[in-house]
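Engineer: One predicted model, sequence on top.
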Amino acid sequence: MNTRTPLVSVVIATYNRPDYLRRALASVVNGNYRNVQIVVADDCGSVANREIAASFDDPRIVCHRHATNVGMAANHIHALRELVSGEFVAILNDDDEWEPSFLSRLTPHLIDDSNVVIAFSDHHVMNEHGRIDPVLSDANTHRWRRDLLAPGTHRPFWRCLLEKTIPIAQASVIRRGAIDWHDFPTATGSAYDQWIGYLACRTGMACYYLPERLTRYRVHENAVTATPSADGATGMILMYDRLLAMPELAHLRSQIERRCGKAHLVRGRLLLQSGQAAQARAELRRAAALAGLTPKLALAYMLAHLPGAFGGRVLRTLGAARGDRQPA
């Protein structure tokens with residue numbers, strides 16, 4: 001096996017979660033792959049973010065603070081375009097953590113095979129205090145079908161993209177030079193990581209799956225990525241529209257349409273909750289055309305025809321009672 005240890009740039013985008021940021025940084029700093037550049041991308045957060053980064057007294061850590069809040073997607077994209085210099089890049093959410101061997105276990109698969117664009121692993125699920133939940137971890141692995149994915153190389157890997165099998169933002173290492181970092185739509189939102197997956201698939205190169213839990217995804221009430229968002233749904237719709245326009249994916253068209261329909265449903269429900277009933281009805285009609293009528297869609301469409309903002313209030317109440325949050 002190649003003994004080369006190229007530079008890996010790690011992007012940790014953060015806002016105001018200093019305690020979690022400290023733990024995320026420590027998990028990279030104390031990792032056993034030493035040739036890293038650690039970019040703390042501060043989205044106009046408090047001075048505590050820079051103080052925490054400085055407290056490590058590690059020259060591998062560099063900080064960039066935006067003068068205004070640009071949002072999660074733009075913060076990540078700017079860092080990946082402008083601030084990193086490694087041959088490979090990895091993203092670590094500021095509330096997640098890596099096992100010490102994460103980079104040393106995955107990076108060699110990119111070094112040894114120039115046809116691999118992304119190497120990824122499975123991950124644990126932990127609670128807000130950092131305690132791993134084995135039952136939830138197993139359920140999460142099953143939900144994203146990583147228990148059914150064969151170890152090793154997959155080419156092409158469109159099905160991995162469609163099934164969201166690849167945890168881009170907490171358990172992947174990416175070949176930086178293979179990705180067109182300037183091909184992001186304005187409205188990417190919280191789907192920026194899935195868009196990176198699309199850009200990786202589009203290269204025609206391979207992915208490599210290592211079925212070990214080498215990172216820890218934190219579930220807590222302030223987790224941004226666990227909550228549906230209108231901009232995230234928009235980003236997914238734009239990605240699915242790209243996929244539907246690709247003749248080589250005709251055999252996956254029905255699956256893509258179903259998933260695009262679900263994204264329209266998410267956006268329609270969120271528009272309804274924000275009081276935009278007319279726009280919500282248009283989204284819900286598009287969802288039905290792509291994915292068919294479901295009980296959830298029928299309920300949303302009925303509520304979208306109630307007078308004033310009443311339907312949105314009912315939907316918000318139902319969502320709060322059910323809890324629309326789940327790990328990635």
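Structural biologist: Perfect, thanks for sending it.
Engineer: This protein - how does it break down into domains?
Structural biologist: 8-218, 230-322 (automatic domain parsing).
Engineer: ranking those domains by mean pLDDT, which is last?
Structural biologist: Here these differ in mean pLDDT, and the lowest is domain 230-322 at a mean of 91.
Engineer: Let's have the domains of the chain in a markdown table, adding mean neighbour count.
Structural biologist: C-betas here are computed from N, CA, C, even on glycine. Shown next, in a markdown table, are these (neighbours: other C-beta atoms under 10 Å):
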| stretch | mean neighbour count |
| --- | --- |
| domain 8-218 | 19 |
| domain 230-322 | 18 |
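Engineer: so what's residue 230 up against?
Structural biologist: By C-beta atoms under 8 Å, 6 or more residues apart in numbering, the residues touching residue 230 are 189, 267, 270-271, 274.
Engineer: Out of these, which sit inside strands?
Structural biologist: Residues of the contacts of residue 230 located in strands (DSSP state E): none.
Engineer: measure the closest residue to residue 244 other than its chain neighbours to residue 66 for me?
Structural biologist: Using C-beta to C-beta, 6 or more residues apart in numbering and skipping the chain neighbours, the partner closest in space to residue 244 is residue 256 (5.6 Å). In this view, residue 256 and residue 66 are 35 Å apart by C-beta to C-beta, to the nearest Å.
Engineer: next helix or strand past the top strand by length along the chain?
Structural biologist: Longest strand of the chain, by residue count under DSSP E: strand 206-218. Next along the chain after strand 206-218, taking DSSP states H and E as the criterion, comes helix 230-244.
Engineer: what's the first-to-last distance across stretch 194-210?
Structural biologist: End-to-end distance for stretch 194-210, by C-alpha to C-alpha, to the nearest Å: 19 Å.
Engineer: and the longest strand of the chain, which strands flank it?
Structural biologist: strand 97-98 (antiparallel), strand 116-126 (parallel), strand 152-154 (antiparallel) (DSSP bridges).
Engineer: Quick one: distance of the first one to the chain centre.
Structural biologist: Once both centres are worked out by C-alpha atoms, centre = their mean, to the nearest Å, strand 97-98 turns out to sit 15 Å from its chain's centre.
Engineer: Then stretch 23-33?
Structural biologist: Its chain's C-alpha centre and that of stretch 23-33 lie 20 Å apart, by C-alpha atoms, centre = their mean.
Engineer: ok, now stretch 52-66?
Structural biologist: A distance of 24 Å separates the C-alpha centroid of stretch 52-66 from that of its chain, computed with C-alpha atoms, centre = their mean.
Engineer: same check, this time on stretch 299-309
Structural biologist: Chain-centre distance of stretch 299-309: 31 Å, with C-alpha atoms, centre = their mean.
Engineer: any residues touching it, and which ones?
Structural biologist: By C-beta under 8 Å, 6+ apart, stretch 299-309 touches 265, 268-269, 272, 275, 277, 280-281, 284-285, 288, 311-312, 314-315.
Engineer: Just give me the residue right at the centre of the chain.
Structural biologist: residue 193 (3.9 Å; C-alpha atoms, centre = their mean).
Engineer: contacting residues for that one?
Structural biologist: For residue 193, counting by C-beta under 8 Å, 6+ apart, the contacting residues are 76, 91, 168-169.
Engineer: Work out the gap between stretch 251-261 and the centre of the chain.
Structural biologist: When C-alpha coordinates are averaged (C-alpha atoms, centre = their mean), stretch 251-261 and its chain have centres 20 Å apart.
Engineer: Show me what that stretch is in contact with.
Structural biologist: Here stretch 251-261 makes contact (C-beta under 8 Å, 6+ apart) with 158-159, 162, 236-237, 240-241, 243-244, 249, 286-292.
Engineer: Residue 35 contacts residue 7, correct?
Structural biologist: Yes. Under the contact definition of C-beta atoms under 8 Å, residue 35 touches residue 7, with a separation of 5.3 Å.
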